[in-house]
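Undergrad: Got a sequence here, can you model it:
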Amino acid sequence: MSPRPAEIGAEVADAEAVVLVGGKGTRLRPLTLSAPKPMLPTAGVPFLTHLLSRLRAVGIRHVVLGTSYQAEVFAEYFGDGSDLGLELEYVVEDEPLDTAGAIRNVAGRLRERDVLVFNGDILSGVDLGALVRTHREHDADVTLHLVKVDDPSRFGCVPTDADGRVTAFLEKTDTPPVDQVNAGCYVFRREVIDTIPEGRPVSVERETFPGLLDSGARIQGHVDAAYWLDLGTPEAFVRGSRDLVRGEAPSAALPAEPGEALVLPGARVADGATVTGGSTVGTACTVADDARVDGSVLFEGARVGAGSVVENAVVGSGAIVGDGVVLRGTVVGDGAVIGSGCELLDGARVWPGAELAPGAIRFSSDC
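TA: Numbers count the residues shown, from 1 in each chain. Got it, this is the predicted structure:
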């Protein structure tokens with residue numbers, strides 16, 4: 001039986017959250033040229049909204065955002081957080097401080113005994129109440145959410161003993177000894193944060209966590225099989241938005257019931273067009289007759305011409321896709337114009353404002 005709301009709230013009592021949103025999102029360019037990665041429209045709302053809604057749902061009220069790149073965008077959109085039932089505060093990094101340095105940078109705003117810390121580009125279904133419960137039951141200094149992955153050689157892996165205690169932090173290797181990896185979500189005992197060196201870059205995985213292990217501190221692992229996705233690439237971003245729309249990834253902020261498509265108010269989809277596969281059609285978008293949009297994201301004001309095919313792609317704000325265009329696995333930047341009959345395939349990226357002549361064919365390249 002799932003915990004009732006009152007029980008969940010008890011699990012996270014005396015806890016608050018920090019969300020690290022300072023990265024530049026270079027792997028997602030050109031999408032992140034106009035907005036930080038956590039603010040990209042994802043299943044109808046800025047991606048960060050999905051995480052904040054989950055924090056509110058489990059009883060967290062105080063959240064500190066560690067910002068840097070385009071820091072003002074977060075405060076302009078979320079304000080003090082009251083619309084979400086939260087108290088939001090913002091701390092700006094003047095220079096990149098890496099993960100642990102960014103956590104230390106917000107220490108002056110923290111007030112509770114336990115602090116949940118999230119990387120701001122992770123979409124996760126971890127049971128937050130259970131994570132905090134694991135932390136407290138083991139009287140841990142830090143607890144890590146760990147997930148099992150099919151190919152752990154792509155990550156550094158994190159072995160644990162029979163009691164779930166973390167024993168090491170291992171670098172990437174072709175022959176990893178375990179299949180569980182750091183999922184980018186932690187619970188810190190408040191006083192541990194004060195031990196992180198201040199005012200310089202510090203990595204949690206390369207410095208903070210190994211140092212805590214060497215000192216005898218208890219670092220606990222919380223392993224589960226929940227949904228987990230790093231949205232750091234265009235392919236992952238499209239997949240994450242698609243999974244949210246379909247209800248396969250958890251959120252309390254989806255603007256409609258889960259389904260095969262999310263068409264936002266003000267969008268126009270012609271009767272002869274099809275929108276499927278968890279696609280999102282943003283406000284003021286148009287999808288013309290006989291067009292097919294499948295598993296894709298259309299940002300606000302994008303236009304897809306008659307007979308065009310858009311699969312597993314992102315079409316930026318105000319971009320124009322002409323008639324008879326094929327986009328597969330493609331990113332089209334804000335305001336770009338794709339001429340009629342073009343084909344863009346297999347990771348091609350079109351930069352904001354670019355104009356592609358009719359009939360062009362591009363594979364895995366920038367335009």
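Undergrad: going forward, measure contacts and count neighbours with C-alpha atoms only.
TA: Will do.
Undergrad: what ranges do the strands span in the stretch 1-150 of the chain?
TA: 15-20, 41-42, 45-46, 62-67, 87-92, 114-119, 122-124, 142-148 (DSSP state E, counting those that start in this stretch).
Undergrad: strand partners of the longest one, parallel vs antiparallel please.
TA: Read it as strand 142-148. strand 180-189 (antiparallel), strand 219-224 (parallel) (DSSP bridges).
Undergrad: mind putting the strands of the stretch 1-150 of the chain in JSON lines, distance to residue 54 and mean pLDDT included?
TA: Converted to JSON lines, the strands of the stretch 1-150 of the chain look like this (distance: least, Cα to Cα, whole Å; pLDDT from 0 to 100):
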{"stretch": "strand 15-20", "distance to residue 54": "11", "mean pLDDT": "94"}
{"stretch": "strand 41-42", "distance to residue 54": "15", "mean pLDDT": "92"}
{"stretch": "strand 45-46", "distance to residue 54": "14", "mean pLDDT": "92"}
{"stretch": "strand 62-67", "distance to residue 54": "12", "mean pLDDT": "93"}
{"stretch": "strand 87-92", "distance to residue 54": "14", "mean pLDDT": "93"}
{"stretch": "strand 114-119", "distance to residue 54": "12", "mean pLDDT": "94"}
{"stretch": "strand 122-124", "distance to residue 54": "10", "mean pLDDT": "90"}
{"stretch": "strand 142-148", "distance to residue 54": "16", "mean pLDDT": "94"}
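Undergrad: tell me the contacts of the residue nearest in space to the middle of the chain?
TA: Residue closest to the mean C-alpha point of the chain, counted by Cα atoms, centre = their mean, is residue 121 at 2.9 Å. Counting by Cα atoms under 8 Å, 6 or more residues apart in numbering, residue 121 touches 21, 37-38, 230-232.
Undergrad: on that earlier part again, in JSON lines: the strands paired with strand 142-148, plus distance to residue 254.
TA: Listed next are the strands paired with strand 142-148 as JSON lines, based on distance: least, Cα to Cα, whole Å:
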{"stretch": "strand 180-189", "distance to residue 254": "22"}
{"stretch": "strand 219-224", "distance to residue 254": "24"}
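Undergrad: out of these, which comes closest to residue 299?
TA: Among the strands paired with strand 142-148, the nearest to residue 299 by Cα to Cα is strand 180-189 (27.3 Å).
Undergrad: between the closest one and strand 114-119, how many degrees?
TA: 140 degrees (axes from the mean of the first three to the mean of the last three Cα atoms, to 10 degrees).
Undergrad: tell me which residues of the following helix or strand past strand 180-189 are tucked away?
TA: Later in the chain than strand 180-189, the nearest helix or strand by DSSP states H and E is helix 190-193. Across helix 190-193, burial judged by 16 or more other Cα atoms under 10 Å covers 190, 193.
Undergrad: Can you name the next helix or strand after helix 190-193?
TA: helix 209-214.
Undergrad: and that following helix, what does it pack onto?
TA: In terms of contacts (3 or more Cα pairs under 8 Å, 6 or more residues apart in numbering; DSSP states H and E), helix 209-214 is packed against strand 219-224.
Undergrad: C-alpha coordinates for the strand it packs on, CSV please?
TA: What follows is strand 219-224, C-alpha atoms only, in CSV (Å, rounded to 0.1, in the frame of the first residue of the first chain):
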residue,chain,number,x,y,z
ILE,A,219,27.6,7.0,3.1
GLN,A,220,24.5,5.0,2.5
GLY,A,221,23.1,3.8,-0.8
HIS,A,222,19.4,3.8,-1.6
VAL,A,223,19.0,1.5,-4.6
ASP,A,224,15.8,1.2,-6.5
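Undergrad: from the middle of its chain, how far away would it be?
TA: 21 Å (Cα atoms, centre = their mean, to the nearest Å).
Undergrad: per-residue confidence averaged over that strand?
TA: Strand 219-224 shows a mean pLDDT of 94.
Undergrad: so who does the residue nearest to residue 256 when sequence neighbours are not counted touch?
TA: Take residue 256 and drop its neighbours on the chain: the residue closest to it by Cα to Cα, 6 or more residues apart in numbering is residue 262, 7.2 Å away. Counting by Cα under 8 Å, 6+ apart, residue 262 makes contact with 43-44, 245, 256, 278-281.
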